[in-house]
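Undergrad: Give me a 3D structure for the following:
(chains A and B)
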Amino acid sequence: MLKYVGKSEKRVDGIKKVTGYVRYTDDLKLSGMLYARIKKSPYPHAKILKIDTSKAEKLSGVKVVITGKDVPIRVGLYLEDKTFLAIDKVRFIGEPVAAVAAESEEIAEEAVSLIEVDYEELSAVFSPLDGIKPDAPIIHEDLGSYKHASIILPQSGTNISNHYKIRKGDIEKGFKEADFVFENEFYVPHIQHSAIENHCAIAQADPEGKITVWAGCQSPYAVRRTLAVAFDMPLNKIRVISPAIGGGFGAKAGTTLEGIVIPLAQKANYRPVKLSFSREDVFINTFVRQGMYARIKTGVTKDGKIIAEENKFYWDGGAYTEYGVNIARAGGYASTGPYDIPNVKADSICVYTNHPVGGPYRGFGMSEIHFAIEQNLDIVAYKIGMDPAEFRKKNALKDGSSTVTGQILENVGLIQCLDKVTEDIEWDKREKKVSKIKYRGKGIACMYKAPSMPNNVGSSAIVKINEDGTVNLLVTAMDLGQGSDTVLTQIAAEVLTVPISRISIMTGDTDCTPYEWQTVASRTTYCCGNSVKRAAEDAKNQMLRLASLKFGISEEGLELKDEQIISKIYPDKKVKIADLAMGLTMPDGSGIHGPIIGRGAFIPPDVKDTDKETGQGDKPVAYWTFGVQAAEVEVDIETGEVKVLKIAAAYDAGKAINPELVCAQIEGGIVQGLGSALLEEMKIKEGKVLNPSFVDYKIPTAGDVPEIRISIIEIPEPTGPWGARGIAEPCMVPTAPAIANAVFDAIGCRINSLPITAEKVLKAIKDKMK
Amino acid sequence: MKHKISFTINGDVKEIEIEPNKTLLKMLREDLDLTGTKEGCGAGECGACTVLVDNKPVNSCLMLAVEVDGKEILTIEGISDGTNLDPIQESFLKHNAIQCGYCTPGMVMSAKALLNRNSHPTEEDVKEALSGNLCRCTGYQRIVDAVLDSAKKGGKK
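TA: Alright, predicted model coming up:
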C-alpha cells in the first residue's frame, strides 16, 4: 500500500509562492551591486572591424567594459560553436558584442550607447532551405574545427551543423509495394517560450578568484561546466546558485547571461554585477523555438497500412546551434511519430541561419515534427477513405512493434490513450453546421517523446536524517513550476515513511546540492526520482542494519513503518528513526556508525548510440512517453476565426506520482499548445524580429481556455520509480495538429503552417471556393 | 530633482523622496524592498506587477511613483499577516492554481480587486478580470476555479 506516492499532495512550495515570498534572481539585491547592459549587433551577418569603448570607459559611474576578446573561448552543450560576446563576426541582429557594468542601470545604458562598432556587412541566410544551397554564405567558417559530442555530426564547409539519418528497411521496395503514395509539406515558425520571469544573472568574484553566480537556471551543473570551459577555470572555483525559476520551458536550460556577467565581475573589484534582460531581450537574445520545414512522402496500402515513409526536416537553427543540433537529432530518431512503419528514410538537418538562436523548447522538436506527421496522417487517411482515428490505431506502435531505429517496444499504452480520447471527445458524434456561418469539427493527434539527452548523464540525491527524525533532501533538479520539489519529496516520504511536512527539500546550489545533469527533457521524475528513491533506500538500509544490531534480529526480520524500525514478529521490538539518526548507542554507552546520510545515484540503464549512417539502434533512449489529444473547434467562415471548444487528452504516465500535478501539467501544456496553434509566431524579416513584446506577440489569456478532459493511463515503465514516466513536455506536443485536423474536419481546408490565423483560414476558404 | 510624496502602503504611512521618472513598480521593489510584485514585461501587458491603488488594480510598471502621493497602496505583502493567508491565497493553494509562482502575486491582486467590487462573479467575470494577467504555466482554469471558489465562500476560508 502506497501512502504518499500516487496521492495528490499539495505543493510543498505553495505558501512561499502565493505570498510572493519566494525570491527569484531579479529579487536579489546584494550590497555594492553594479548593473550591466549589453551592446547589440544591428546587422544579421557582419564582420566586426573595430570596437571603440573609450568614450564608454570615460563615463562617470562606469566600472567595467568588456568585448569579445575578453571571453574568447568557444562553448556549447553539444557543439562548441559560440562565444558569449561576438569576436570577429556577428551572426544575428541583437547579438551581444560588448558589455558594461556601472553604478546604475541608467549609466550602463548610456555607456552602451557610447560604444562605437564598425561593421562590414556580409550576405546573410534567412532560411534553412537557402542555407543548404551550395552557394550559400557560410556562417561558421570554422565549423570543422569545433568540438562536439559524438552523437552530433556537423558538416565542415557547409551551414549544416548536424545531419541525423534514418535508413530502415528498403525504402524503394516499400514505395513500389504501396498502393498509394502521397507527398505533403508543412512549416512551423519560430516561437518564444514566454515564461513570465525574464532572464537575470548576478555574478560576484571573491579575492581567491572564486566566482558565485546566481541565475534562475534549469541546469546549475551544466551551466557551471560551460562557464568553467569558457573561463578556463576548475569546477570547484565556480558556484552556481539557482534561487527560483519563474518558468523555463527550455529557455533557461542553457547558458547565456551568466557568461557575460562573469567577465564583468572578474574586473569589478569583488562587487556583484547584475544583468537583467528586458522582455525584448528575452525574445531576441535567449533561446527561441526553431523554425522547421517538413516534407513527408508516405506509401500506404489499400487497407490502410503505412509501409514506407520518407521524411525531411530542415531546422532553422539560427546563428548558434550548440543546443539546437540535438533537437535535429531527436527529430531524426522520432521521425515517423508513434507508428510502426517497416521502411523509413529520414533526414533531420540542422542548418545555421542569421536568425536568433534556436534552442530547447518544451517538447524538444516533437511539437514541430508532430505538427507535420499528424496532419500528414490525416491527409492520407481522408484520401484513402479511412477514419483518422481508425487509421492511427491500425498503424500505432504497440507491444512488439519496431520504432524507426529498430527498437522493439514493450509496455506501450498508445492504443489505450487513443481509445480513451475518442470516447471523451465523442469521436463518432458530429454536429458540423451549427449556424450559417459557424462550422464545427473534431480532430485527433497522437504523439510520442523520449527524454532527449546524452546516453550516460547522471542524477544524484542526498538524504540527511536529522536528530529528531526529520529529513533534509538535497537534489539539483529544479522546480520550474512543474512540481518536482513536491514529487521528489513524496518519493522520499514513501521510502522513509516520514510525512511530507517533516521533509525539507533543497535544490540548485552546486556547492551544496549533488550533481544533476539538467532539468530538461521530462526526465526529472524518472531520473532524479530514481536517485531520490535510491538515496532514501540507502538511508533506510543503514538504519535497518543498526536496528538489526540493536535487537539481534536479521535485517530481513525488520521493517520500516510509520517512522520506526520494527520487528515483523515481535511488535515490541521497535526503534524510532530519530533514535538511529545519529548512529546507534550501545548498552555500554558507546556509539557506532554515526549520522545517517543516504546517497542515491542514477543513469538510465543500457541506452546506447545509434549507427551514424542508418540511425539504427536497439535502445537509443531511456523510455518513450505516449499520448493522444483530440480537439473540437468552431470555425466562423465569415471571419476565419477558430475557437477551440474542447480538448480531450490521455497520457500514459506509467505511474502518476502526484495525479493532480500531472493534470496541471497537461492543462498548462494544452493551453501552451493552443497558443502555438492559433496565435504565436515570431515575425522575422531579414533577420529582424518585428514583434518582440506581448503587445505584438500574443499568448493565450484566461479567456482562451477550452473545456479540457484528461485521462491518465498507467502502464508502468519498468525502469521508472514505481513505473513513472515523464509527461511535462508531451502535454503540449499533439495540441496544434489536433486543432489543425479539427479545422479541416470543420471546413475541409488544410492549413499547413502555424499559427492557424483567421487570415489563413479565410484565404483557404476562398481558395477552395475557386 | 526628487519629489517628496507620502502614501499608505499595506497599512503603514510612508514618506519618501523619489525621482519623478521612477515607476511605482521600481519604487516598490527597489526603495521599499517589496519584491513580491514582479516585472514581466515593463509595458503593462502581463499583469505580473499588479497592485491595488485606492482599491483599484493597476499595472505598477505603467504608473509613476509620484502619482501615488496621498493614495493607499496594497501589495501582495499586505494581504496576509504572515501566518493567516487571505482566503484567495488559501483558495489558490487548495486548487493547485500555482506553478512557477511568478505571475501568482499579480493574479492574486487582480482577483482581490475583482472580489472587492463584485462578490458574486460569474466565470466570465473572473476570466475578464484576469485577462490582463498572463500565466504561461497553468493554463488558467485552476486559477479561475480558485477565484470562483473563494467568492462562493464569501471571503471565508
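Undergrad: Helix, strand, or coil at the closest residue to chain B within the stretch 1-150 of chain A?
TA: Closest to chain B within the stretch 1-150 of chain A is A:Gly20: 2.4 Å, counting by C-beta to the nearest C-beta. C-beta: built from backbone N, CA, C; applies to glycine. Secondary structure, DSSP: H, G, I helix; E, B strand; the rest coil: A:Gly20 is coil.
Undergrad: Any chance of the backbone angles for the residue of the stretch 451-600 of chain A found nearest chain B?
TA: Closest residue of the stretch 451-600 of chain A to chain B, C-beta to the nearest C-beta: A:Gly481 (3.1 Å). Backbone torsions of A:Gly481, given as degrees, to the nearest 10, read phi 120, psi -20.
Undergrad: domain ranges for the chain?
TA: Chain wasn't specified; assuming chain A. Annotated domains of chain A cover A:31-122+A:211-232+A:239-269, A:291-453+A:608-769, A:456-602 [automatic domain parsing].
Undergrad: Switch to chain B, please.
TA: B:3-78, B:87-152.
Undergrad: ok, so what distance separates whichever residue of the stretch 251-400 of chain A sits closest to chain B from A:Lys58?
TA: Nearest residue of the stretch 251-400 of chain A to chain B, counting by C-beta to the nearest C-beta: A:Arg279, 4.4 Å away. A:Arg279 sits at a distance of 31 Å from A:Lys58 (criterion: C-beta to C-beta, to the nearest Å).
Undergrad: So for these two, which sits in the more crowded spot?
TA: The neighbour count for A:Arg279 versus A:Lys58, taken as other C-beta atoms under 10 Å in any protein chain shown, is higher for A:Arg279 (22 against 10).
Undergrad: excluding its backbone neighbours, what's nearest the more buried one?
TA: B:Cys41 (4.4 Å; C-beta to C-beta, 6 or more residues apart in numbering or on different chains).
Undergrad: so who does the one you found touch?
TA: A:279, A:693-694, B:48, B:61 (C-beta atoms under 8 Å, 6 or more residues apart in numbering or on different chains).
Undergrad: Check those and tell me the two furthest apart.
TA: Spatial extent of the contacts of B:Cys41 (C-beta to C-beta) is set by the pair A:Ser693 and B:Ala48 at 14.3 Å.
Undergrad: helices or strands up against the one helix or strand B:Asp145 maps to?
TA: Assessed by DSSP states H and E, B:Asp145 sits inside helix B:141-152. With contacts taken as 3 or more C-beta pairs under 8 Å, 6 or more residues apart in numbering or on different chains; DSSP states H and E, helix B:141-152 sits against helix A:659-678, helix B:87-94, helix B:104-117, helix B:123-129.
Undergrad: could I get that helix in PDB with only the CA atoms?
TA: Coordinates of each C-alpha in helix B:141-152 appear next as PDB, following Å, rounded to 0.1, in the frame of the first residue of the first chain:
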ATOM      1  CA  GLN B 141      -8.500  27.100 -15.300                       C
ATOM      2  CA  ARG B 142      -7.300  26.300 -11.800                       C
ATOM      3  CA  ILE B 143      -6.800  30.000 -11.200                       C
ATOM      4  CA  VAL B 144     -10.300  30.700 -12.400                       C
ATOM      5  CA  ASP B 145     -11.700  27.900 -10.200                       C
ATOM      6  CA  ALA B 146      -9.700  29.200  -7.200                       C
ATOM      7  CA  VAL B 147     -11.200  32.700  -7.600                       C
ATOM      8  CA  LEU B 148     -14.800  31.400  -8.100                       C
ATOM      9  CA  ASP B 149     -14.500  29.100  -5.100                       C
ATOM     10  CA  SER B 150     -13.200  31.900  -2.900                       C
ATOM     11  CA  ALA B 151     -16.100  34.100  -4.000                       C
ATOM     12  CA  LYS B 152     -18.600  31.300  -3.200                       C
END
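Undergrad: Now the most far-flung residue of chain A relative to its centre. Its backbone dihedrals?
TA: For chain A, the residue at maximal distance from the C-alpha centroid (C-alpha atoms, centre = their mean) is A:Asp588, at 56.1 Å. As for A:Asp588, its main-chain torsions (degrees, to the nearest 10) stand at phi -80, psi 10.
Undergrad: Just the local confidence number for it, please.
TA: At A:Asp588, the predicted lDDT confidence score is 94.
Undergrad: Equivalent analysis for B:Lys56, please.
TA: pLDDT recorded at B:Lys56 is 97.
Undergrad: these two touch, right, it and B:Ala113?
TA: Yes: using C-beta atoms under 8 Å, B:Lys56 is in contact with B:Ala113, at 6.5 Å.
Undergrad: re the thing from before, closest to B:Glu30 out of the helices and strands packed on helix B:141-152?
TA: Minimum separation from B:Glu30 across the helices and strands packed on helix B:141-152 (C-beta to C-beta) falls at helix B:104-117, 16.6 Å.
Undergrad: next one: the closest one to chain centre, how far?
TA: Mean-position distance between helix B:104-117 and its chain equals 6 Å (C-alpha atoms, centre = their mean, to the nearest Å).
Undergrad: Which helix or which strand is home to the residue nearest to A:Arg279?
TA: Assigning secondary structure by DSSP H and E places B:Cys41 outside every helix and strand.
Undergrad: That one and A:Phe277, how far apart?
TA: Using C-beta to C-beta, we find B:Cys41 at a distance of 12 Å from A:Phe277.
Undergrad: Same question for A:Met506.
TA: Distance of A:Met506 to A:Phe277, computed by C-beta to C-beta: 27 Å.
Undergrad: what about those two, which has more around it?
TA: A:Phe277 (20 against 15).
Undergrad: Look up the closest residue to that one, ignoring the ones flanking it.
TA: Leaving aside its sequence neighbours, A:Phe277 sits nearest to A:His199 (C-beta to C-beta, 6+ apart; 4.4 Å).
Undergrad: returning to what we had before: and the residue of the stretch 1-150 of chain A closest to chain B, how many neighbours?
TA: Burial of A:Gly20 is recorded as 26 neighbouring residues (other C-beta under 10 Å).
Undergrad: any idea of the pLDDT on the closest residue to it other than its chain neighbours?
TA: Nearest non-adjacent residue to A:Gly20, counting by C-beta to C-beta, 6+ apart: B:Gly36, 2.4 Å away. Here, the pLDDT recorded for B:Gly36 equals 98.
Undergrad: repeat for B:Met1
TA: What the model reports for B:Met1 is a pLDDT of 84.
Undergrad: Quick one: list the elements packing against the helix or strand where A:Val261 lies.
TA: Element membership of A:Val261 [criterion: DSSP H and E] is helix A:258-266. Where contact means 3+ C-beta pairs under 8 Å, 6+ apart, helix A:258-266 is packed against strand A:34-40, strand A:62-67, strand A:96-102, strand A:200-205, strand A:211-215, helix A:220-230, strand A:273-276.
Undergrad: need the residues of the stretch 451-600 of chain A near chain B, please.
TA: Contact residues (C-beta under 8 Å from any C-beta of the partner chain) of the stretch 451-600 of chain A with chain B: A:480-483.
Undergrad: Let's see that with 7 Å instead.
TA: Proximity of the stretch 451-600 of chain A to chain B, by C-beta under 7 Å from any C-beta of the partner chain, involves residues A:480-482.
Undergrad: which among the residues you listed end up buried?
TA: Of the members of those, the ones counted as buried by neighbours, 16 or more other C-beta atoms under 10 Å in any protein chain shown, are A:480-482.
Undergrad: which residue packs closest to the most centrally placed residue in chain B, ignoring adjacent ones?
TA: Compute the mean C-alpha point of chain B, and by C-alpha atoms, centre = their mean the closest residue is B:Met109, 2.9 Å away. Nearest residue to B:Met109, sequence neighbours excluded (C-beta to C-beta, 6+ apart): B:Thr50, at 4.5 Å.
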